[in-house]
Every structure is written in C-alpha cells, then in structure tokens.
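Chemist: Here's a sequence, model it:
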Amino acid sequence: MSGDHDENRGTDENRGTGNRGAEETPGDGIRGTARGTAPVPLSVLDLVTVGAGHTASEAVRTAVGIARTAERRGFHRYWVAEHHSMPGVASSSPAVLLAHLAAHTDRIRLGSGGVMLPNHAPLVIAEQFGTLEAMAPGRVDLGLGRAPGTDGATAAALRRTERLHEGADEFPQQLAELTRFLDDDFPDGHPYSRIHAVPGPVQATSPGGVQSPHRPPLWLLGSSGFSAQLAGRLGLPFAFAHHFSAANTIPALDLYRESFRPSAVLDEPYALIGVAALAAEDEKAAYRQVLTGALSMIRLRTGRPGLVPSPEEAEAHTFSEMERDFVGSWLSNIIHGTPDAVRDGLDALAKRTGADELMITANAHGGDVRLRSYELIADAYGLPEA
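Modeler: A predicted model of the protein is given here:
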C-alpha cells in the first residue's frame, strides 16, 4: 500500500449525486429508501445472462427491460458485474452496458457490482465513470472488486501478466490511485500530478469551467473479510456477495461494522448484500427456472462454461450424486417460489443479517422469466408504479 494517508483518506465529499449544495448530508446517493412494505431498499444486480437459443443482443434488450422495470417499480439501483470468458454472461464491459442503460432510463441509480480493479488501469476506470457521470449526472455508482471475474488464464490475458497475485495484493494502492484520479488531487511532485481524468473535476477549475465536481461514490465489493475491513476503515459503503458466499455474510458484515470509521462519505456503516431470488406464479415453476442456473454453475465450476441451459435441458440432465449434492447446497441459498414465499424469505434474510439494502439477482434461462420475477416481487411488497 502507498501509506496510511492514502489508505484512510476516503473521499473528500460524497460526489455521487449530481450538482448539490454543501448543506446536504453525507451518504446522499448511497442510502436508499424502503418502499411499500419492503424492510429495506430493494435493488437489482443483473448478470445479463444469455440462455441457450438466445443471443447476446437479446440479453442486452432484456437488461434494458429489467432496468426500466426496476425504475418504474421503485427499486433503488441497478448494477451489472464484470465477468469474462463466460458464454452465458454478457457483462464483460460494465461501462459500455451502463452507457446504454443510461440512455434508456431517467432516475434509477446505475452502477457496477462491480468493476474488477486489478484488471484495469485506475486512470481508465476514472475516465470511463467520469464519462458515465456526464451522461447520467448524479446517478452513477462505482463498485469495485479485487477478484479477476474469471479464470486464471483469462485474467492473465486481461492483465498481460502471469503474476496474478499482485493484482489483489496491490488493491489498496490501486484504490488510492483511482480515488486521486477521481478527485484530481495528486500532490505536487507526484508523477501523476499533471495528469487528469476527463471528464472530471479539472474541468471545473479550468478557466470558464462549469463542469460539476461531483463524481460517482465508491463502493467496495467482497465475498470475504478483506474488502469488508478495508471499506470499514475508509468509511465507504460495502456490498457483500451473499448470493455465492452465504456462509461468510454475517462474519463479513460484522467485520465491516466493527472496522467502520466515519468519513466525509458516510457517518455510519451502510451495507447491501447481493441475494439470489426468483419468484414465479407457483413453486414448481420457480424450481424449474432456478435449476437451470444450478446446472450452469456446475458446468462453470467443472471447466465447461456455456450458455444457460433451458428448463427442459436441466430437467432431462442426469445428475451424479456429487452434482445432486451441489444442487441441493446451491439452491438452499436461492430464495425461490411464489411471490409471498420470496417476500418472506427476503424479510427473514434482512432481519438475520441487518443489511441496509437487498440487491436481488434473478438468474434463469429466459429474460421474460427474470422480468416477471421482478414484477412479482414488486407486487408482493406493494411497490408503487411510477
């Protein structure tokens, strides 16, 4: 790391909410509002999945439909996640997807859940998200992870190095560098002091400049304790991947809260958790859909990634004993069933973890099924139509 000063500096103000005055409180643009009967704000994590028999173009059109549905029904934010070399996941370039989604939405917060910082030069990320902020002022989030979002060989191709451990080990330094590019505040004498991320704050300080100095709030993402502790020390919001690391959820959230130091960004901890949930008209229909995701994950984890199989293919698959054990374990962490059952499951999870926000990911073969699931969950909570 580059020293305690960089590590603990956080951000000078919350810049994620557009042109606002200094009288507004820390955390604006981070904290959501619970709507209807939901216990906490509800948001969406979309992996932009591609099912067998469908194209990436169809998956992107579904992503637009989900984002617009989420906006209409009062979900707080919509995030996409960086993945690579996975045929069934079309979200390899979050910034490009978010630009497209910004053109098709008006109010919902859009962001990355996340961009894998070790895969990119910090200046590039600062430029990309500064551009997104210019496209959708005041509603862009920058969530950052330290995993590669893929296998080791693909990560090596992305990073042009075989020494992959360095990317994760250097995460605090990379984060400090990215923050300085976003804030445009490298100290005099630093090699990057004359380099500026554009669009960005430098435009406000240029002669005649009227560019907003605000910028997307930073979130740290994680599935273990490393990012939880770092987010707490920096006073940043934290997002935990409960949907694939459920056993670590409560320990990581406890570590985040115990480590938290108030900052100019947040005066108290704010943690969301990613939750796999799918609602359908009846329990059997929901099970048929989530089984497709389980089979897709089996193939991914055994080195055979592909498109998300159809329900018919998943039902016809002969699962080995080991695969059946995996399916049972995997599905136990997915809240699925009727809308009322999913609502009850989400309520119980929010109570058990104390999460400040639930970010729902609905993975299934068909885009229409995922769209319908978000509508059903919104109905179950009585979320108002915009």
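Chemist: When you work out contacts or count neighbours from here on, use the C-alpha atoms and nothing else.
Modeler: Noted.
Chemist: Show me which residues of the one helix or strand Arg352 maps to are buried.
Modeler: Element membership of Arg352 [criterion: DSSP states H and E] is helix 339-353. For helix 339-353, burial by neighbour count (16 or more other CA atoms under 10 Å) applies to 339-343, 345-347, 349-350, 353.
Chemist: got the contact list for that helix?
Modeler: With contact meaning CA atoms under 8 Å, 6 or more residues apart in numbering, helix 339-353 is reached by 38-40, 249-250, 253, 277-281, 335-336, 356-358, 376-377, 379-381.
Chemist: Make a ChimeraX selection of the buried ones in the residues you listed.
Modeler: Entered in ChimeraX, the line below selects the buried ones among the contacts of helix 339-353, by 16+ other CA under 10 Å:
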select :38,39,40,249,250,253,277,278,279,280,335,336,356,357,358,376,377,379,380,381
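Chemist: What about the contacts of helix 339-353, which are in helices?
Modeler: 249-250, 253, 376-377, 379-380 (DSSP state H).
Chemist: pLDDT-wise, which helix or strand of the protein ranks last?
Modeler: None of the helices or strands of the chain scores lower by mean pLDDT, DSSP states H and E than helix 4-8, at a mean of 33.
Chemist: Who does the next helix or strand after it pair with, and is each partner parallel or antiparallel?
Modeler: Downstream of helix 4-8, the first helix or strand assigned by DSSP H and E is strand 42-46. Strand 42-46 has the following sheet partners, assigned by DSSP bridges: strand 77-80 (parallel), strand 357-361 (parallel).
Chemist: Flag the shaky bits of the chain, pLDDT-wise.
Modeler: When residues are selected by pLDDT under 70, those of the chain lie in 1-28, 148-152, 154-156, 158-169, 213-214.
Chemist: what residue is smack in the middle of it?
Modeler: By CA atoms, centre = their mean, the chain has its centre lying nearest to Gly113, at 1.8 Å.
Chemist: got a list of what that residue touches?
Modeler: Contacts of Gly113 (CA under 8 Å, 6+ apart): 45, 79-82, 142-145, 221.
Chemist: residue boundaries of the helices in the stretch 151-300 of the chain?
Modeler: Along the stretch 151-300 of the chain, counting by DSSP state H, counting those that start in this stretch, helices occupy 152-159, 165-169, 171-183, 202-205, 225-234, 249-259, 283-301.
Chemist: Run through who's touching the last one.
Modeler: So the one you mean is helix 283-301. The contact list for helix 283-301 (CA under 8 Å, 6+ apart) reads 278-280, 305-311, 314-315, 323, 326-327, 330-331, 334, 336-338, 363-365.
Chemist: Now the buried members of those.
Modeler: For these, a burial check counting by 16+ other CA under 10 Å picks out 278-280, 305-311, 314, 326-327, 330-331, 334, 336-338, 363-365.
Chemist: How many residues are close by the residue lying closest to Glu268 once chain neighbours are set aside?
Modeler: Excluding its sequence neighbours, the residue lying closest to Glu268 (CA to CA, 6 or more residues apart in numbering) is Pro262, at 5.9 Å. A count of nearby residues for Pro262, using other CA atoms under 10 Å, gives 17.
Chemist: ditto for the one 5 residues further on
Modeler: Around Asp267 sit 15 other residues, with neighbours defined as other CA under 10 Å.
Chemist: Any idea how far stretch 95-106 is from the middle of the chain?
Modeler: 15 Å (CA atoms, centre = their mean, to the nearest Å).
Chemist: Report the buried residues of it.
Modeler: Quick answer for stretch 95-106 (16+ other CA under 10 Å): 95, 97-102, 105.
Chemist: Okay, and the beta partners of the residue nearest to Ala147 when sequence neighbours are not counted?
Modeler: Spatially, and ignoring its direct neighbours in sequence, Ala147 is nearest to Met116 (6.2 Å; CA to CA, 6+ apart). Beta bridges link Met116 to Gly145, judged by DSSP bridges.
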